[in-house]
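Novice: Here's my sequence, what's the structure:
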Amino acid sequence: MANRYYLESMLDEKTALLSQEETHHITKVMRKKIGDQIELLDGENHLFQAEILAIEEQKIRAGILEVRTINREIAKKVFLVQGLCKGDKMDFIVQKATELGVSGIYPVSTLRSDIRLNEEKARKKQERWQKIAKEATKQCRRGVIPAVNPVSSLKDFLAEQNVADGVVLALYEDEKMTSIRDILPKITEEYLYLIVGPEGGFDLKEIEWMKSIGVHSVSLGNRTLRTETAGILGISCVYYEFGDQL
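Specialist: Below you'll find the model as predicted:
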C-alpha cells in the first residue's frame, strides 16, 4: 500500500492537520519522525507533498511543500445500488467497487433481502463501509472517496433519489432481450446507476415495477453470477466502454 494519508483539516494554506488515527499509523507503524516527508490526500482530487513539522496532542502538523491535482476517475459517474447481502460480502463489494472507480454506493433492501437492519445497526454498517471505501481509495491511489450512503429500501431509493439526470440499469439474470453490451454504447448521460439484487436476485414483481418507472433490465450474460460478482462485472463493463476521464 502506498504511504499516503488523509489530512483532517487545513490549519492555513501551508499547514495540514492529521487525525489521531493517521498520526498513530504514521508514527507507530511507519515510524516516521519530525522532518520526514509524507504524501497527503484530501479526498477532493488533491495530492500534497508534506513534511512533518510537529506532533501535538497525538496529531501531526505537516507543512505543505507541493500540491498536485490528480484525476483517476471513470469518464462516467457510476453509482452502485447494491442489495444487502450476508456475511462480509458487502465489505468485499464496497472495497472492489471503490477500486474500480464508482462515485457512490447505495446499500438497499429488496423484496428478497434476508438482511434486515435496525436503525442503529444500519448506521454502524454505513460507518464501517465508508471506512472500507476510504482505505480502498488510498490503496488504489484515487483522489476521490466514494460516498457510502445510508441504508434504504430499493423503493425509497428510486422514489427519493434524483436519477432523472442519468440512466438506471437493473442487472437481472433472467433478462433475455437486452444485454449490458447492447445498451452501454447508446448511453450519453453522465450519470449511470447499476442496481444489483441480493443473493436471491430480484423478485419478478420488483423487476416489472422497476421497468414501469423507466429502469432498464439488462443481462450480464448466460451465467448466473453471485451478487458480489454481478456489480463488479457491471462496473468493469462500464469502465471498458467509457474508460477514464481525460
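Novice: what sits against C140?
Specialist: R72, T98, E99 (CB atoms under 8 Å, 6 or more residues apart in numbering). Placement of C-beta: from N, CA and C, glycine included.
Novice: would you turn the residues you listed into a markdown table with secondary structure?
Specialist: Shown next, in a markdown table, are the contacts of C140 (DSSP: H, G, I helix; E, B strand; the rest coil):
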| residue | secondary structure |
| --- | --- |
| R72 | coil |
| T98 | helix |
| E99 | helix |
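Novice: Among the residues you listed, which one has the most neighbours?
Specialist: Highest neighbour count within these: T98, with 26 neighbours (other CB atoms under 10 Å).
Novice: Where does the nearest residue to it once chain neighbours are set aside sit, in terms of helix or strand?
Specialist: Nearest residue to T98 in three dimensions, chain neighbours excluded: A136, at 3.9 Å (CB to CB, 6 or more residues apart in numbering). Using DSSP states H and E, A136 sits in helix 119-140.
Novice: Adjacent strands (with direction) for the next helix or strand after that helix?
Specialist: Using DSSP H and E, the helix or strand that follows helix 119-140 towards the C-terminus is strand 147-148. According to DSSP bridges, strand 147-148 has the following sheet partners: strand 104-109 (parallel).
Novice: where does the protein have low pLDDT?
Specialist: For the chain, applying pLDDT under 70 flags the ranges 1-2, 161-162.
Novice: And the helix or strand containing V78, what does it pack against?
Specialist: Secondary structure from DSSP H and E places V78 in strand 77-83. Packing contacts for strand 77-83, counted by 3 or more CB pairs under 8 Å, 6 or more residues apart in numbering; DSSP states H and E, involve helix 89-100, strand 104-109, helix 154-160, strand 191-196, helix 227-242.
Novice: Next, the angle from the longest one to strand 104-109.
Specialist: What separates the directions of helix 227-242 and strand 104-109 is an angle of 150 degrees, with axes from the mean of the first three to the mean of the last three CA atoms, to 10 degrees.
Novice: Looks like R142 contacts R72 (just checking).
Specialist: Yes. Taking CB atoms under 8 Å as the definition, R142 is a contact partner of R72 at 5.0 Å.
Novice: Now the common contact residues for the two.
Specialist: Joint contacts of R142 and R72 (CB under 8 Å, 6+ apart) are G101.
Novice: I'd like to know which of the helices and strands packed on strand 77-83 is closest to E22.
Specialist: helix 89-100 (18.3 Å; CB to CB).
Novice: who are the neighbours in contact with the residue nearest to T98?
Specialist: A136 neighbours (CB under 8 Å, 6+ apart): V94, Q95, K96, T98, E99.
Novice: try K76
Specialist: I187, E190, Y191, L192, V238, F242.
Novice: Could you dump the residues you listed into JSON lines with distance to L117 added?
Specialist: Listed next are the contacts of K76 as JSON lines, based on distance: CB to CB, whole Å:
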{"residue": "I187", "distance to L117": "33"}
{"residue": "E190", "distance to L117": "31"}
{"residue": "Y191", "distance to L117": "27"}
{"residue": "L192", "distance to L117": "27"}
{"residue": "V238", "distance to L117": "28"}
{"residue": "F242", "distance to L117": "33"}
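Novice: Can you show me the CA trace of stretch 210-228 as PDB?
Specialist: Below are the C-alpha coordinates for stretch 210-228, written out as PDB (Å, rounded to 0.1, in the frame of the first residue of the first chain):
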ATOM      1  CA  MET A 210     -38.700  -1.100 -12.000                       C
ATOM      2  CA  LYS A 211     -39.400  -1.400 -15.700                       C
ATOM      3  CA  SER A 212     -42.600   0.500 -15.300                       C
ATOM      4  CA  ILE A 213     -40.800   3.500 -13.900                       C
ATOM      5  CA  GLY A 214     -38.100   3.600 -16.600                       C
ATOM      6  CA  VAL A 215     -35.400   1.300 -15.200                       C
ATOM      7  CA  HIS A 216     -33.700  -0.800 -17.900                       C
ATOM      8  CA  SER A 217     -33.400  -4.500 -17.200                       C
ATOM      9  CA  VAL A 218     -30.100  -5.900 -18.700                       C
ATOM     10  CA  SER A 219     -28.300  -9.200 -18.700                       C
ATOM     11  CA  LEU A 220     -24.600  -9.700 -17.900                       C
ATOM     12  CA  GLY A 221     -24.500 -13.000 -20.000                       C
ATOM     13  CA  ASN A 222     -25.700 -16.600 -19.900                       C
ATOM     14  CA  ARG A 223     -24.400 -17.400 -16.500                       C
ATOM     15  CA  THR A 224     -26.000 -16.700 -13.100                       C
ATOM     16  CA  LEU A 225     -23.500 -14.700 -11.100                       C
ATOM     17  CA  ARG A 226     -23.200 -14.300  -7.400                       C
ATOM     18  CA  THR A 227     -24.300 -10.900  -6.100                       C
ATOM     19  CA  GLU A 228     -20.800 -10.000  -5.200                       C
END
